[in-house]
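J.: quick one: sequence plus predicted model below, questions after.
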Amino acid sequence: MKNKSSSFYHESFRIFRKNKTAMISLAILIFLIAVALLAPWICRYDPDAQVLKDRLLFPSAAHWFGTDEFGRDILTRCIYGCRISLSVGIVSQLIATVIGYSMGVCAGYFGGRTDDVISFLIQLFSSIPFLLFAMALMCALGSGLVNLYVSLGLLTWASTARLIRGTVLQIKNQEYIQACRADGGSSLRIIMKHLLPNCIPMLIIAITLGIPNAILSEASLSYLGLGVPAPTASWGSMIAGSQTFIRTNTYYSLFPGLCIIITVMAFNMLGDGLRDALDPKMHSNGGSL
Amino acid sequence: MTEALLSVQDLQVKLFTEKGELPVLNHVSFDILPGEIVGIVGESGCGKSMLASSIMGLIDAPGKIIGGQILFEGRDITKLKRQQLQEIRGKDISTVFQEPMTSLNPLMKCGKQIEEAITAHEKLEKAEVKKRALKVIKEVGIPMPEKIYNEIPSHLSGGMRQRIMIAMALVCHPRLLICDEPTTALDVTIQAQILYLIRKLRDETGTSVIFISHDMGVISQMADRVVVMYAGEIVEKAEEAQLFAHPRHPYTIGLQNAIPQLSKDQERLQDIPGSVPMLDHLPQGCLFSPRCPYADDHCRKEKPQITVFDHQEVRCFNAGTGGIDHE
Amino acid sequence: MGKYILKRALLAVGIILCISLITFIILDIIPGDVVSAMLGEFASKDAIETAREQLGLNVPLPMQYLNWLGGILKGDFGTSYFQHKPVLDLIANSFQYTLIMALAAYVVAIIFGLLTGIIAAVYHGRKIDRIVMALSVFGISAPSFWVAIILQIYIGLRLGLFPVSGVKSPIWWVLPSLSLGLRYAASISRVTRTSMLEVMNQDYIRTAYAKGLKPWRIIFQHVFRNALVPIVTILGNDFGSLLTGSMITENVFNIPGIGKMLIDAINRRDIPVVQGGVIYVAGICVLVYFLVDLLYAVIDPNIRLRKAAD
């Protein structure tokens, strides 16, 4: 297996482009990211400012999604919640992937004792009841965005590590890697220059499919009051706040929920599409690199 | 004249892809008589496997039979419904596939896989079914049938697995056996054994065999009659002895010359220059013309039809003119 | 083979121990003094000291851990700080509710998940496949608390058929199980579909058709049977996860199961309960992985061989 050539990604892109669902998901996500980045400029209202005379208004021209019990515009808070969710999803998964890749590569490449220890850690972290520990960690560290990044990143690296380890074990014994070693290539160089490119498709898919879980986790934690601190807008905490008004102001629970669903679905479908596109078996040129 | 067991008449199969309609089989016609072995030879991509699939009724999207008929004992099987095809497959017409490693269910015991073939078509007592399965395992030359009966395929060697496949194919006494490159994935020594087995079974049971291969050497050992295919068309058809003594189509000549022979003083292996055309870039005129050493302008512009020379059918403008030197 | 089982068992114990140790450390970092919280603002210093002494909190942390571990080995999981009952009793009481929900949800999940996954695979590419795929992506994307709330509003409150809170009514488990079950059904459906499609592309399925077998026999005896390994994996994991109680769903529907017990304990810093709960949860997870592992060897003899060779 040589390093992935540009024709491999070319072919992947071609397959991806034909997948309507994946393309739509990509469009939705680009839209959401744009909205999240441009939030301060496109929002009419301040997400945290309480306007008590406008409490619990139904959706109208002035407030497309209505207002909450403090008179805050729900649409604005949804947009700011999007910033939170996207950042938690992306950053925590970047952390998890970096840890996962490093651990997986070391376990697979160096083998022996290193592999034993890392494999045990992978097993350990896979067995940890995720939500429980996320809660415990957030309790211990306190609410906050950075704590969320770290907690979620620390708890989800194991599956990536396992995948990478498997891949590295497979290609470690390919002849050209042996040749590099015989040539006196340093381990770090081999890892970065030769192993990494072969792992990239897998890493892309791992991140893309890890993000929706991270977003759902953040929503659950915020729902329980353990995510981002009030009054910061988060979809989860908004839904928690809406529970008291369920019967009368159902829209209050509906909109943040729909935001979560759309974002998570988009990432999931994007991930599925990427997985199909990057699968060498689906390539018409026989998957040759 | 004996009635043909299978008569393929003007068969046309196309692949409907995003690149357009690709002709996989083009006006293919040939007959098989009861008890004979017909060898179908050609390079990869010539449509041999598609032919086998068509006869079995296993062509699925994006492929489709768009013309011609396949008469099996007088019945056109291209027009049969799924239910009727199911009854024929495995019972009247069976197939042995190329890859014994992957063509058997890795988790199911061999005995059970053979029994399935029986119970799909006949209502018998369980004990009777087992008896027949063991019998056919023995007939394909496997020692210790009882033991193999209880094994799963991953415990068996390639040669053994192929014998199991043959057993599975023959257990209902089909009148026609299609062997699609059955020995290509096997070692040369095992290959010889399997070929011998197929011939022996034909001799004992009178089953007709379609033997598909890209290897002229194997074809010459097995076939009574030979059909040579190129890019979805039949280019030559003749009795085996005649074909090998007097090949008329340049492609056949090329294939023959490519067989390494100990008797000749060869410095290099001869091959046919060029490669099989892609289905979406078929040449105008004769499909073989780009690679043919005898091709002239006429060949490149017009498509040759089949002409008959002394019971030998060839699709070539220059075949009978004596202008082709083979040897 | 026996050696393999022993090795896995030891590994399992090791993992549980590590998890309990990590929990201990994390809980220690949690800010706020538990004892002061328990006794209230106006407790005297002496009272606090006595309480700390009684709870064994005056010794260094490693000692506390070892004491606790010693207790566990004797079957004593400690006593709740807030409810003054043995942790083991609390777990046992909560377990019954979680168990009922788990069983009901599991049945829903398996029936919907397997059926839709099989149908989607068999009718691959057609409309029903697209519908199933869309529904299952939706199912895994919707946050569990939101689904629970929606079910509460539209089926519980508006239709008034099922209770939305607590365990007083005999059909208290309907909505929570539905909420949980549908979510698990979605992921089971996806895995089933993918796994079956992969098997369907194999050569031996072509052989099965060539033998003239009936299509449904091929689907079940060949495709489904050979697709089992990934399906069993997720079925096992899901069962483990259901048994450990869904914290969110129990919270929304106010069910006094293991999940709610844990949430309340964490919020209240009721450390012995958290510790005991974590052991229970980790234990179940590890046990389930272990059993699933053994199940693989039964389903696929090839795996059995590979493991024996390791």
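T.: All right, it came through fine. In this text the structure is predicted, and so the values were computed from the model without any measurement.
J.: contacts, neighbours, all on C-alpha from now
T.: OK.
J.: residue 57: what's it in contact with?
T.: Assuming you mean chain A. By Cα atoms under 8 Å, 6 or more residues apart in numbering or on different chains, the residues touching residue A:57 are A:63, A:66, A:67, A:68, A:71.
J.: meant chain C, my bad for not saying
T.: Residue C:57 touches residue C:64, counting by Cα under 8 Å, 6+ apart.
J.: please apply the same query to residue A:130.
T.: Contacts of residue A:130 (Cα under 8 Å, 6+ apart): residue A:155.
J.: for chain C, list the residues in contact with chain A, please.
T.: Contacts of chain C with chain A, taken as Cα under 8 Å from any Cα of the partner chain, map to C:15, C:18-19, C:23, C:26-31, C:137-138, C:141-143, C:145-146, C:149, C:153, C:248, C:262, C:266-267, C:281-282, C:285-286.
J.: returning to that earlier point: just the contacts of residue A:57 now: which is nearest chain C?
T.: residue A:68 (17.2 Å; Cα to the nearest Cα).
J.: which strand or helix spans the closest residue to that closest one other than its chain neighbours?
T.: Spatial nearest neighbour of residue A:68, excluding adjacent residues (Cα to Cα, 6 or more residues apart in numbering or on different chains): residue A:56 at 4.9 Å. According to DSSP states H and E, residue A:56 maps onto no helix or strand at all.
J.: pLDDT value on residue A:56, please?
T.: The model reports residue A:56 with a pLDDT of 82.
J.: wait, what's in contact with whatever residue of the stretch 51-200 of chain B ends up closest to chain A?
T.: Distances between the stretch 51-200 of chain B and chain A by Cα to the nearest Cα are smallest at residue B:62, namely 14.7 Å. Contact analysis of residue B:62 by Cα under 8 Å, 6+ apart lists B:15, B:16, B:17.
J.: first vs last residue of stretch C:157-170, how far apart are they?
T.: Separation of the first and last residues of stretch C:157-170 by Cα to Cα, to the nearest Å is 17 Å.
J.: buried by neighbour count: which residues of it qualify?
T.: C:162, C:163, C:164, C:165 (16 or more other Cα atoms under 10 Å in any protein chain shown).
J.: what parts of chain C come near chain B?
T.: So chain C meets chain B at C:202-207, C:209-214, C:222, C:226, C:300-302 (Cα under 8 Å from any Cα).
J.: re earlier: now the buried members of the residues of chain C next to chain A.
T.: By 16+ other Cα under 10 Å, these give C:15, C:18-19, C:23, C:26-27, C:30, C:137-138, C:141-143, C:145-146, C:149, C:153, C:248, C:262, C:266, C:281-282, C:285-286 as buried.
J.: just give the nearest non-adjacent residue to the residue in the stretch 1-150 of chain A that chain C sits nearest to, would you?
T.: Among the residues of the stretch 1-150 of chain A, residue A:140 lies nearest to chain C; the distance is 3.8 Å by Cα to the nearest Cα. Spatial nearest neighbour of residue A:140, excluding adjacent residues (Cα to Cα, 6+ apart): residue C:30 at 3.8 Å.
J.: my guess is that neighbour contacts residue A:135. True?
T.: No. Counting by Cα atoms under 8 Å, residue C:30 stays clear of residue A:135, with 11.1 Å between them.
J.: shaky segments in chain A?
T.: With pLDDT under 70 as the threshold, chain A has low-confidence stretches at A:1-5, A:175-185, A:187, A:191, A:282-289.
J.: quick one: name whatever helix or strand follows the longest helix anywhere in it.
T.: If you go by DSSP state H, chain A has its longest helix at helix A:74-110. Moving toward the C-terminus from helix A:74-110, the next helix or strand (DSSP H and E) is helix A:112-127.
J.: list the residues that contact the one residue sitting closest to the centre of chain A.
T.: Nearest to the mean C-alpha position of chain A, counting by Cα atoms, centre = their mean, stands residue A:211 at 1.6 Å. Neighbouring residues of residue A:211 by Cα under 8 Å, 6+ apart: A:89, A:90, A:93, A:267.
J.: what do you get for residue A:132?
T.: residue C:262.
J.: ok, the residue of the stretch 1-150 of chain A found nearest chain B - how many residues close by?
T.: Residue nearest to chain B within the stretch 1-150 of chain A: residue A:18 (11.2 Å; Cα to the nearest Cα). Residue A:18 has 12 neighbouring residues, counting by other Cα atoms under 10 Å in any protein chain shown.
J.: go on, residue B:287?
T.: With other Cα under 10 Å as criterion, residue B:287 counts 22.
J.: which element is the residue in the stretch 201-327 of chain B that chain A sits nearest to on?
T.: Taking Cα to the nearest Cα, chain A has its nearest neighbour within the stretch 201-327 of chain B at residue B:278, 13.0 Å off. Following DSSP H and E, there is no helix or strand that holds residue B:278.
J.: the residue of the stretch 1-150 of chain A closest to chain C is in contact with residue C:31, isn't it?
T.: Yes. Counting by Cα under 8 Å, residue A:140 touches residue C:31, with 6.4 Å between them.
J.: need the overlap of contacts for these two.
T.: Joint contacts of residue A:140 and residue C:31 (Cα under 8 Å, 6+ apart) do not exist.
J.: understood, closing this out.
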